[in-house]
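Q: sequence first, predicted model second:
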Amino acid sequence: MTAARTRLLDPEVGRSLSALSAAAKKGLGDPVLAELVMIRASQLNHCAFCLDMHLTLARENGVDEDRLGLLAAWEEAEDRYDGRQRAALALTEAMTVLTDGFVPDEVYDRAAKHFDDGELAHLIGLITAINSWNRLMVARRIPPGGYTP
């Protein structure tokens, strides 16, 4: 792997994605929900760096190991996640795995029942941002363990 592959080629890309991530998280207003969404997208995208980073941040925000360990099977462990979290996780999966087409109406409608228009816009922005980060880090093969707050 070349050195160029292990870093961002243009720092402006990183600053722009950081700004989007920060704005989306702030507008969502729930750091636990934000971390669960970012972990789930990172699991689906196989992004080890982002998983490592967001698992650390989730623990810092008080998410217990039981919930983190069961996140990949959140639908079967629904008692660990409230309705709002389950709606956000369903939307995260639908937006992350677009191979089947558009986000299903029932998934979007479910999220819209739990989030007002502004929150929903921020949630969609957050899912978009983490998917961009995942793709950037996976393409560059950035290894886990390099995150520092």
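A: In hand now; what should we look at? Numbers count the residues shown, from 1 in each chain.

Q: so which helix or strand of this structure has the lowest pLDDT on average?
A: Least confident helix or strand, the chain: helix 11-28 with a mean of 93, by mean pLDDT, DSSP states H and E.

Q: export the very next helix or strand once past that helix to CSV, keeping only CA atoms.
A: Later in the chain than helix 11-28, the nearest helix or strand by DSSP states H and E is helix 31-44. What follows is helix 31-44, C-alpha atoms only, in CSV (Å, rounded to 0.1, in the frame of the first residue of the first chain):
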residue,chain,number,x,y,z
PRO,A,31,-25.2,11.7,20.6
VAL,A,32,-26.1,8.1,21.5
LEU,A,33,-28.4,7.8,18.5
ALA,A,34,-25.8,9.4,16.2
GLU,A,35,-23.2,6.9,17.3
LEU,A,36,-25.5,3.9,16.8
VAL,A,37,-26.3,5.1,13.3
MET,A,38,-22.6,5.7,12.5
ILE,A,39,-21.6,2.3,13.9
ARG,A,40,-24.3,0.5,11.9
ALA,A,41,-23.4,2.1,8.6
SER,A,42,-19.7,1.4,9.3
GLN,A,43,-20.5,-2.3,10.0
LEU,A,44,-22.4,-2.6,6.7
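
Q: show me the helices in the protein, by range?
A: 11-28, 31-44, 48-60, 65-70, 83-96, 105-114, 117-140 (DSSP state H).

Q: can you list the ones you listed in a markdown table and add mean neighbour count and distance to G146?
A: The way it works is simple: take the backbone N, C-alpha and C, and place the C-beta from them, glycine included. Formatted as a markdown table, the helices of the chain follow (neighbours: other CB atoms under 10 Å; distance: least, CB to CB, whole Å):
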| stretch | mean neighbour count | distance to G146 |
| --- | --- | --- |
| helix 11-28 | 14 | 13 |
| helix 31-44 | 23 | 14 |
| helix 48-60 | 19 | 7 |
| helix 65-70 | 13 | 20 |
| helix 83-96 | 21 | 23 |
| helix 105-114 | 15 | 32 |
| helix 117-140 | 19 | 10 |
